[in-house]
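In: predicted model and sequence follow; I will ask about them next.
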Amino acid sequence: MMTNLFSVFDPSTSILNMSMNWTSTFLGVIMMPMVFWLVPTRMMILWNSITKTLHNEFKTLLGSTGFNGTTFMFISVFSLILFNNFMGLFPYIFTSTSHLAFTLSLSLPLWISFMLYGWINHTQHMFAHLVPQGTPSVLMPFMVCIETISNLIRPGTLAVRLAANMIAGHLLMTLLGGTGTSLSYSILSLLLITQIALLMLESAVSIIQSYVFAVLSTLYSSEVN
């Protein structure tokens with residue numbers, strides 16, 4: 001049973017030996033250029049206001065030392081994760097953000113680029129980050145070890161947090177949906193209400209996890225300047 005349950009998140013669907021599970025990830029790339037040739041709709045006006053709000057917030061987090069245009073990179077990351085999270089809510093579409101291959105591909109290059117930039121250009125500043133201000137002399141070696149470990153696991157925590165949150169809700173909905181055939185009509189109506197509530201919760205989690213990933217990436221980049 002567990003093998004069948006977790007096979008939902010296994011990218012194995014194929015047509016003519018070509019994997020189709022990641023197709024949903026590339027649908028946004030196909031649809032995106034179309035919006036530049038259309039009259040702005042209410043949806044586009046709403047999306048523009050969202051990106052403007054995110055731009056102002058990320059700019060505040062980066063501070064005066066941030067490079068111009070850096071916020072657009074994090075807005076793009078937010079948009080990509082948000083699109084894939086919502087695509088995974090549709091039936092028979094593989095949730096690519098529930099796979100570590102996708103989430104690590106986003107977090108690891110970002111973290112490596114931040115570390116390379118920080119250690120090459122601001123070496124003294126990066127060493128200073130290893131010992132928080134006001135740390136007693138006796139605890140300094142321990143603090144260096146703790147800060148180093150916490151810094152090294154950052155890409156892993158970013159990737160696992162996103163993947164785990166996507167998997168958890170989908171697994172719960174799959175488990176509840178599998179019991180529908182053996183229930184009476186009265187309990188089935190209750191199950192449907194629960195599934196709708198879970199779907200709304202998953203929609204909120206999709207937005208929140210996209211925002212958390214983008215904000216944490218912004219904070220990590222602001223530390224190296």
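Out: Received, thanks. Numbers count the residues shown, from 1 in each chain.
In: what ranges does this structure have for its strands?
Out: Counting by DSSP state E, residue ranges of the strands within the chain are 14-15, 18-19.
In: just the buried residues of stretch 53-62, please?
Out: 54, 57-58, 61-62 (16 or more other C-beta atoms under 10 Å). For glycine as for every other residue, the C-beta is placed from the backbone atoms N, C-alpha and C.
In: now do the helices in this structure.
Out: Using DSSP state H, the helices of the chain run over 2-6, 23-31, 42-62, 70-87, 100-121, 123-129, 140-152, 154-178, 185-223.
In: just name the most buried of those helices.
Out: With neighbours defined as mean count of other C-beta atoms under 10 Å, those peak in mean count at helix 70-87, which reaches a mean of 20.
In: what angle do it and helix 23-31 make?
Out: 130 degrees (axes from the mean of the first three to the mean of the last three C-alpha atoms, to 10 degrees).
In: residues making contact with helix 70-87?
Out: 24-25, 27-28, 51, 54-55, 58-59, 62, 93, 95-97, 102, 106, 110, 162, 166, 203, 205-207, 209-211, 213-214, 217-218, 221 (C-beta atoms under 8 Å, 6 or more residues apart in numbering).
In: what about 6 Å?
Out: Outside helix 70-87, the residues within contact range by C-beta atoms under 6 Å, 6 or more residues apart in numbering are 24-25, 28, 51, 54-55, 58-59, 93, 96-97, 206, 210, 213-214, 217-218.
In: returning to what we had before: how about the helices of the chain in a markdown table, adding mean pLDDT?
Out: Compiled in a markdown table, the helices of the chain are given as follows (pLDDT from 0 to 100):
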| stretch | mean pLDDT |
| --- | --- |
| helix 2-6 | 56 |
| helix 23-31 | 75 |
| helix 42-62 | 88 |
| helix 70-87 | 91 |
| helix 100-121 | 91 |
| helix 123-129 | 82 |
| helix 140-152 | 87 |
| helix 154-178 | 88 |
| helix 185-223 | 89 |
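In: still on that earlier bit, tell me which two of the buried residues of stretch 53-62 sit farthest apart.
Out: Leu54 and Leu62 (12.1 Å; C-beta to C-beta).
In: do you know how far the nearest residue to Ser221 once chain neighbours are set aside is from Gly169?
Out: With C-beta to C-beta, 6 or more residues apart in numbering as the criterion, Ser221 has its nearest non-adjacent residue at 5.3 Å, and that residue is Phe114. The gap separating Phe114 from Gly169 is 30 Å, by C-beta to C-beta, to the nearest Å.
In: what's the answer for Phe83, then?
Out: Phe83 is 17 Å from Gly169, by C-beta to C-beta.
In: same check, this time on Val215
Out: Distance from Val215 to Gly169, by C-beta to C-beta: 21 Å.
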